[in-house]
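Undergrad: have a look; sequence and predicted model below, questions after that.
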Amino acid sequence: MAKVILLNGSPHAKGCTWAALDEMIQTFEKEGIETELIHVGNKAIRGCIACKYCVKNGKCVFDDDLVNEVAPKFEAAQGLVVGSPVYYSSPNGTILSFMDRLFYSTSFSRHMKVGAAVVSCRRGGNTATYDVLNKYFTISSMPVASSTYWNQVHGFTAEDVKKDLEGLQTMRNLARNMAFMIKAFSDAKEKYGLPEMEHDYFTSFPDGK
């Protein structure tokens, strides 16, 4: 069975971001997709220090909460959903530190794993936050799942989010689209194989010219 990992970047286990992700989980289950919700936002996650320990040892130098634990789950999964509240028109610092280290410290291919970003906000800052989260997918050859509106819900509490009927509808449609993509890519991989990926060039202009 295909599996999707969902990361809750909010410090609140059952807050607005959870309400959006939970709506997706219920839909995934109906689509025959296994899910695992991982609460990241309440953990002490420090940022990447670019020490390159992971390059030599295959894991992050900081064995704090979750990053090295989630890495093999991400490798085995066919999809990843990252949810975050809006903090000053950006994802919160904890989920950003987590994503930096998760993506940088892992060397396994993320090619054709399906990614989706989900954002919760009271009023504004949502599209800027959404844009930041999608960058992790688009630099990693991960197709990005979309919905019938930007993947966001509005509200100050989980109860508010439950009143955002369009937002919840967006979450359900997102989960359905993501489930379809995962199934379609699996079938296409069997029939055609994955697209060829080139890794010959790394342009950095070290000579200053």
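TA: Yes, it's here.
Undergrad: show residues contacting the helix or strand that residue 35 is a member of.
TA: Counting by DSSP states H and E, the element that carries residue 35 is strand 34-39. Residues outside strand 34-39 that contact it (C-beta atoms under 8 Å, 6 or more residues apart in numbering): 1-8, 13, 18, 21-22, 24-25, 28-29, 66, 70, 73, 77. (Each C-beta comes from the backbone N, C-alpha and C, glycine too.)
Undergrad: where does residue 13 land on pLDDT?
TA: For residue 13, the pLDDT comes out at 94.
Undergrad: wait, what's in contact with the spatially closest residue to residue 51 that is not a sequence neighbour?
TA: Spatially, and ignoring its direct neighbours in sequence, residue 51 is nearest to residue 61 (5.6 Å; C-beta to C-beta, 6 or more residues apart in numbering). Each residue near residue 61 by C-beta under 8 Å, 6+ apart is listed here: 49, 51, 53-54.
Undergrad: so which of those comes closest to residue 141?
TA: When the contacts of residue 61 are compared for distance to residue 141, the smallest value, 19.2 Å, is given by residue 54; criterion: C-beta to C-beta.
Undergrad: CA atoms only for the helix or strand hosting that closest one - export them in CSV, please.
TA: Mapping residue 54 onto the secondary structure by DSSP H and E places it in helix 53-57. Included here for helix 53-57 are C-alpha records, laid out as CSV according to Å, rounded to 0.1, in the frame of the first residue of the first chain:
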residue,chain,number,x,y,z
TYR,A,53,28.8,15.4,8.5
CYS,A,54,25.8,13.9,6.7
VAL,A,55,27.8,13.7,3.5
LYS,A,56,30.3,11.3,5.1
ASN,A,57,28.0,9.5,7.6
